[in-house]
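K.L.:
Prediction below, plus the sequence it came from.
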Amino acid sequence: MKFGGSSVANAENINKVIDIVLEQKINDIVIVVSALGGITDNLVMLANLASKPVCACGEKKKNEESKKLFESICERHDKVIGELIVSEKKMKVLKEISKKYGELEEIIKNISGKELSKQSLDAVMSFGELLSSFIISEVIRERGVPCEFVDSRDIIKTDNNFGNAEVDIKNSYKLISEYFSARGGSAFGGKNYLSVMGGFIASTKNGETTTLSRGGSDYTASLVGAAVDASVVEIWTDVDGLMTADPRKFKDAVLIPEISYEKAEEMALAGAKVIHPRTMKPAKLKNIIILIKNTFNPKALGTKIFNK
């Protein structure tokens with residue numbers, strides 16, 4: 001089950017996401033999440049701000065702007081934790097996430113005043129998914145449900161084409177399958193199991209952080225689904241499914257209830273932002289159904305993508 005940035009934009013939405021997950025009748029669920037809505041853009045701004053040369057206004061102003069943006073990113077995540085974790089575990093979670101803030105801050109310091117490479121930008125952007133997946137795994141535990149945080153970089157391997165990395169399918173499938181078979185239930189190993197991982201991010205064989213291009217969390221979900229022979233890959237977003245046109249622009253747009261992998265890929269390549277174009281191939285090769293559903297209207301039919 002993959003949930004996009006709008007689905008995990010704030011505490012209220014994250015509660016909706018967890019309700020949807022816990023209502024499922026499937027024993028073993030891998031939850032793939034995007035960064036909190038808008039955070040990836042903020043991280044890109046932070047990286048660009050930190051790396052730009054000192055302007056006429058001086059280094060002090062540049063550092064103040066960078067610090068303000070960094071703190072706003074941290075505060076956004078702390079707010080979610082504060083609203084969703086009310087037990088004695090809150091301080092432990094805040095302490096743990098502060099370590100991740102420290103890692104991000106160190107990267108920002110290292111790129112300050114230097115030309116921003118794609119590799120450095122990937123390292124900065126990865127924190128959107130790392131933070132959101134960690135927080136959501138902790139919130140699920142707060143509900144009394146066993147759940148594990150998974151660092152996607154440990155199980156999805158790519159080349160070093162930073163910013164738009166190509167997945168090493170064979171190696172990644174092996175790592176994904178081995179990881180979940182050692183931990184989970186029927187499809188994986190023996191007991192009901194939830195895990196949360198960030199989409200979009202991966203790493204090279206040398207451990208350097210990479211990204212799968214913007215919107216790549218859908219692709220992550222499909223890769224994981226194919227690797228573990230999932231029964232279905234669900235993409236949860238903020239519209240009812242694939243539509244004949246953008247419903248936010250065209251009032252006469254209607255839902256497409258069923259569509260082939262090929263047609264869905266064509267629509268994605270033509271600009272339909274509901275699903276990433278790479279998502280279809282892994283699912284198609286394993287004949288796994290993809291369902292596009294609306295987090296804010298979960299009873300809506302959605303769109304079924306399959307071999308028609």
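P.N.:
Yes, it's here.
K.L.:
for the helix or strand where Asp41 lies, packing partners?
P.N.:
Assigned by DSSP states H and E, Asp41 falls within helix 39-51. Applying 3 or more CB pairs under 8 Å, 6 or more residues apart in numbering; DSSP states H and E, one finds that helix 39-51 contacts helix 59-84, helix 90-111, helix 118-142. Any C-beta I mention is one placed from the backbone N, CA and C, and that applies to glycine too.
K.L.:
Tell me what angle the longest one forms with helix 118-142.
P.N.:
Relative orientation of helix 59-84 and helix 118-142, computed by axes from the mean of the first three to the mean of the last three CA atoms, to 10 degrees: 20 degrees.
K.L.:
that's a strand at Trp236, yeah?
P.N.:
Yes - counting by DSSP: H, G, I helix; E, B strand; the rest coil, Trp236 is part of a strand.
K.L.:
dump the residue contacts of it.
P.N.:
Applying CB atoms under 8 Å, 6 or more residues apart in numbering, we find Trp236 in contact with Met1, Lys2, Phe3, Gly4, Ser7, Val17, Ile20, Lys293, Asn294, Thr295.
K.L.:
what's across from it in the sheet?
P.N.:
Beta-bridge partners for Trp236, by DSSP bridges, are Phe3, Lys293.
K.L.:
Model confidence for it, exactly?
P.N.:
At Trp236, the model reports a pLDDT of 98.
K.L.:
Distance of it relative to Asn164?
P.N.:
The gap separating Trp236 from Asn164 is 24 Å, by CB to CB, to the nearest Å.
K.L.:
Next: Lys308.
P.N.:
30 Å.
K.L.:
More neighbours: which of those two?
P.N.:
Using other CB atoms under 10 Å as the criterion, Lys308 and Asn164 rank with Asn164 on top: 15 against 10.
K.L.:
from memory the more buried one sits against Ser213, does it?
P.N.:
Yes - the pair formed by Asn164 and Ser213 meets the contact definition of CB atoms under 8 Å, at 4.4 Å.
K.L.:
Stretch 295-308: end-to-end distance?
P.N.:
End-to-end distance of stretch 295-308 (CA to CA, to the nearest Å): 26 Å.
K.L.:
To clarify, my last question referred to stretch 274-285.
P.N.:
21 Å.
K.L.:
from the chain's centre, how far out does that stretch sit?
P.N.:
Its chain's C-alpha centre and that of stretch 274-285 lie 15 Å apart, by CA atoms, centre = their mean, to the nearest Å.
K.L.:
who touches the helix holding Asp41?
P.N.:
Contacts for helix 39-51 (CB under 8 Å, 6+ apart): 5, 34-35, 62, 65-66, 69-70, 72-73, 76, 108-109, 111-116, 120-121, 124-125, 127-128, 131-132, 214.
K.L.:
Narrow those to those that are buried.
P.N.:
Buried members of the contacts of helix 39-51, scored by 16 or more other CB atoms under 10 Å, are 5, 34-35, 62, 66, 69-70, 73, 76, 108, 111-112, 116, 120-121, 124-125, 127-128, 131-132.
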